[in-house]
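In: Here is the input, now give the coordinates:
(one chain, ligands or ions: 1)
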Amino acid sequence: MTAKVIDGKAIAAGIRQELKKRIEKERLSPSLAVVLVGDDPASKVYIRMKSRACEEVDIHSDTFILPEDTTQEDVIKLVEAFNKDPKVHGILVQLPLPEHINEREVIEKIAPEKDVDGLTPENMGKLLSGEGNLTPCTPRGVMKLIESTGVELEGKHAIVVGRSNLVGKPVSLLLQRKHCTVTMCHSRSKPLEGYTKQADVLVVAVGRPKLITADMVKEGVVVIDVGVNRLEDGSLCGDVDFESVKERAAFITPVPGGVGPMTIACLLENTVNAST
Ligand code: NAP
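Out: Predicted coordinates:
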């Protein structure tokens, strides 16, 4: 079997188009405030991509770049000013923050209704209890990619490798909402292939290049590769060995061009939802 490659770029472009139409039709004026502390090159690239995407769909976005040595107190002051500003509908604090800043303490200060990353304790709690529409962007994108395959999820065994707050945990909850039986794996799950071989749906969010190989999956699996790893030659690769696994899977996402564009599209969707 050779897998059908899920085109995240095309699906994300469709979402952006729909959002642009919705903004025009409902006469919305969504606005996003983005905070970057320091000059991490990867974060700068992400922020540029996000602001370009905002422009494309007519979301107003302002990026605030603060110096690396900004105090936690000053970052929180800025977040609190956005909380009070009725013209700001969405607040995004680009992670990771410099080491002297406690990320949790900053995120907790974002007003839940403006938390377009879905990471505040209130929005995480709502996710756990199956409510709320500001779900974290990458997991939201993962679900849309799975849904694009048309594969019925009810009763399927989904394996999620990685248990981070940003990806693994929320993806597991969203899959459970769709009535999958979910197994979460992490660095102590041994042997990993003992679990991954059982997956009807396999979501991998680890950050280890080509961790998942063809002998670790069963024929016909749906594979979503969240990992982004930069190789020595400068190219990007996922956590899944795409070339070998695509010969066994039914559907698979590429890296790049799979989950990445969906994360940004879902950020835009959350910003529009927060503005209504
Ligand atoms: P993270 O916070 O570092 O979490 C990694 C998880 O992988 C942890 O739960 C860890 O287990 C587990 N793990 C590590 N080594 C393992 C192994 N050998 N076998 C099984 N599990 C293992 O990472 P993250 O923030 O979730 O991100 C994961 C990847 O997704 C990264 O490559 C990141 O760049 C990428 N990412 C992509 C997007 C996108 O938009 N495309 C968005 C977010 C993240 P323990 O908990 O036991 O340590």
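In: Can you name the residues of this protein that neighbour the ligand?
Out: 138, 161-164, 166-168, 185-189, 192, 205-208, 211, 226-229, 259-260, 263 (CB under 6 Å from any ligand atom). The C-beta positions use only the backbone N, C-alpha and C, and glycine is treated the same way.
In: Go again with 5 Å.
Out: Residues of the chain lying close to the ligand by CB under 5 Å from any ligand atom are 138, 162-164, 166-167, 186-187, 205-207, 226-228, 259-260, 263.
In: Can you list the strands that the host helix or strand of Leu36 pairs with?
Out: Assigned by DSSP states H and E, Leu36 belongs to strand 31-37. With DSSP bridges as the test, strand 31-37 is paired with strand 60-66 (parallel), strand 90-93 (parallel).
In: Other residues contacting the last one?
Out: Right, strand 90-93. If you take CB atoms under 8 Å, 6 or more residues apart in numbering as the criterion, strand 90-93 is touched by 30-35, 50, 75, 79, 82-83, 106-107, 110-111, 114-117, 267, 270-271, 274-275.
In: Not counting its neighbours along the chain, what's nearest Gln198?
Out: Excluding its sequence neighbours, the residue lying closest to Gln198 (CB to CB, 6 or more residues apart in numbering) is His157, at 5.6 Å.
In: List the contacts of the one you found.
Out: By CB under 8 Å, 6+ apart, His157 lies in contact with 180-181, 183, 198-201.
In: A PyMOL selection for those residues, restricted to the buried ones, would help me check which they are.
Out: To isolate the buried members of the contacts of His157 in PyMOL, using 16 or more other CB atoms under 10 Å:
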select buried, resi 180+183+198+199+200+201
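In: would you turn the contacts of His157 into CSV with distance to Ile23, pLDDT and secondary structure?
Out: Formatted as CSV, the contacts of His157 follow (distance: CB to CB, whole Å; pLDDT from 0 to 100; DSSP: H, G, I helix; E, B strand; the rest coil):
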residue, distance to Ile23, pLDDT, secondary structure
Cys180, 33, 98, coil
Thr181, 38, 98, strand
Thr183, 39, 98, strand
Gln198, 43, 98, coil
Ala199, 38, 98, coil
Asp200, 37, 98, coil
Val201, 33, 98, strand
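In: Would you check which pair of the contacts of His157 lies furthest apart?
Out: Across the contacts of His157, no pair lies farther apart than Cys180 and Gln198, at 12.2 Å, counting by CB to CB.
In: So which residues of this structure form helices?
Out: Using DSSP state H, the helices of the chain run over residues 8-25, 41-57, 72-84, 103-107, 121-128, 137-148, 168-177, 192-196, 242-245, 259-274.
In: Show me what the shortest one is packed up against.
Out: Here helix 242-245 touches no other helix or strand, going by 3 or more CB pairs under 8 Å, 6 or more residues apart in numbering; DSSP states H and E.
In: Contacts for that helix next, please.
Out: 3, 212-214, 217, 223, 225, 252, 254-255.
In: 6 Å - rerun?
Out: Outside helix 242-245, the residues that touch it by CB atoms under 6 Å, 6 or more residues apart in numbering are 213-214, 217, 223.
In: Also the longest one?
Out: Counting by CB under 6 Å, 6+ apart, helix 8-25 makes contact with 56-58, 148, 253, 257-258, 261-262, 265, 268, 272, all of which sit outside it.
In: could you redo the last one with a cut-off of 8 Å?
Out: With contacts defined as CB under 8 Å, 6+ apart, helix 8-25 is touched by 28, 30, 53, 56-59, 141, 144-145, 148, 253-254, 257-262, 264-266, 268-269, 272.
In: How about the fifth one?
Out: Contacts of helix 121-128 from elsewhere in the structure, counted by CB under 8 Å, 6+ apart, are 108, 112, 115, 118, 132, 134-136, 165, 170, 173-174.
In: please redo it, this time with the cut-off set to 6 Å
Out: With contact meaning CB under 6 Å, 6+ apart, helix 121-128 is reached by 112, 115, 132, 134-135, 170, 173.
In: Read off the pLDDT value for Glu131.
Out: Looking at Glu131, its pLDDT is 89.
In: just Ile59 next, same as before
Out: 98.
In: before we move on, back to that, which single one of the contacts of His157 is nearest to the ligand?
Out: Distance to the ligand across the contacts of His157 (CB to the nearest ligand atom) is lowest for Thr183, with 12.2 Å.
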